[in-house]
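[1] Turn this into a model:
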Amino acid sequence: MTGQKYTIAVIGGTGALGFGLALRWAKAGHGIIIGSRAQDSADRGAERLIALAPEATVTGLENGAAAAAAEIVVLTVPFSNQSPMLEAIKPGCQGKIMVDVTVPLQPPKVRTVHLPEHGSAGKGAQTFLGDGVRVVSAFQNVAADHLTDLEHAIDCDILVCGNDPDAREIVVGLAEDASMRAWHAGRIENSVVSEALTSALIFMNKRYKIAGAGIRITGAPGSAENGDH
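    Numbering: from 1, shown residues only. Modelled structure (predicted):
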């Protein structure tokens, strides 16, 4: 777990995935800012979260103001909204960690992998925001409805990609705070793996009637040192 408590702005925090992450982090003791395009929508999202986590510190702000007021910014919007949202929050993200949860789905063919211009949405976010922002890609493969059910054990590992190992480690801790197991998975270019997996998981949900397929990493850290190959 992180140990340290952060003020986290969840951009798109009124949506299912963003709200689920915000809820779990609020329960873990982090301060939460619900970001939305309009202040009234942000306020409603914050009120909903407070009702479920009355002990938490929760506010609602317009997206740009939310990013500026936070220590960590988390982007949880559809791919079609990623570019305008990045433009809106870019000034407020400077010097901070920005966690990109974007999956480059192309409706209606969401079960087919789509590779965006930069190879992945995470890489595109890092390129746009610049070196002053430590972009970390994570949380693409977890089902939103599982996040909002606090009694549900999350049966899905989280791949964490980014160019800054310290930033990745903080996000690994945030995943653990939300009752998920996370793994360092390399530089931001590697985010293409978890982003593309989402389409395959959507396909398997449909094909096998699974309520939120996920992934698990096999093997134990350090097992190779013990001769277990």
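[2] so which strand or helix has residue 33?
    Element membership for residue 33 (DSSP states H and E) is strand 31-36.
[3] meant to ask about residue 9
    Element membership of residue 9, judged by DSSP H and E, is strand 7-11.
[4] Buried residues of that strand, list them for me.
    Of the residues in strand 7-11, those with enough neighbours to count as buried (16 or more other CB atoms under 10 Å) are 8-11. To be clear about C-beta, it is placed using only N, CA and C from the backbone, and glycine gets the same treatment.
[5] which one of those is nearest residue 109?
    Here the nearest of the buried residues of strand 7-11 to residue 109, counting by CB to CB, is residue 11; it sits at 25.7 Å.
[6] list the contacts for that closest one?
    With contacts defined as CB atoms under 8 Å, 6 or more residues apart in numbering, residue 11 is in contact with 18, 35, 63, 66-67, 73-77, 85, 89.
[7] Run through the bridge partners of it.
    Applying DSSP bridges to residue 11 gives these bridge partners: residue 35, residue 75.
[8] circling back: put the alpha carbons of the strand holding residue 9 into PDB.
    These are the backbone C-alpha positions of strand 7-11, laid out as PDB (Å, rounded to 0.1, in the frame of the first residue of the first chain):
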ATOM      1  CA  THR A   7      -5.300  14.200  -3.000                       C
ATOM      2  CA  ILE A   8      -6.400  12.500  -6.200                       C
ATOM      3  CA  ALA A   9      -8.400  14.200  -8.900                       C
ATOM      4  CA  VAL A  10     -10.400  11.700 -10.900                       C
ATOM      5  CA  ILE A  11     -11.200  13.300 -14.300                       C
END
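[9] Could you check the angle that strand makes with strand 31-36?
    20 degrees (axes from the mean of the first three to the mean of the last three CA atoms, to 10 degrees).
[10] I'd like the mean pLDDT over strand 7-11, please.
    Averaged over strand 7-11, pLDDT sits at 98.
[11] next helix or strand past it?
    helix 16-27.
[12] Who are the packing partners of the strand or helix carrying residue 65?
    Using DSSP H and E, residue 65 falls within helix 63-69. On a contact count with 3 or more CB pairs under 8 Å, 6 or more residues apart in numbering; DSSP states H and E, helix 63-69 meets strand 7-11, strand 31-36, helix 79-93.
[13] Reformat the ones you listed as a markdown table; add distance to residue 117.
    Listed next are the helices and strands packed on helix 63-69 as a markdown table, based on distance: least, CB to CB, whole Å:
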| stretch | distance to residue 117 |
| --- | --- |
| strand 7-11 | 21 |
| strand 31-36 | 25 |
| helix 79-93 | 10 |
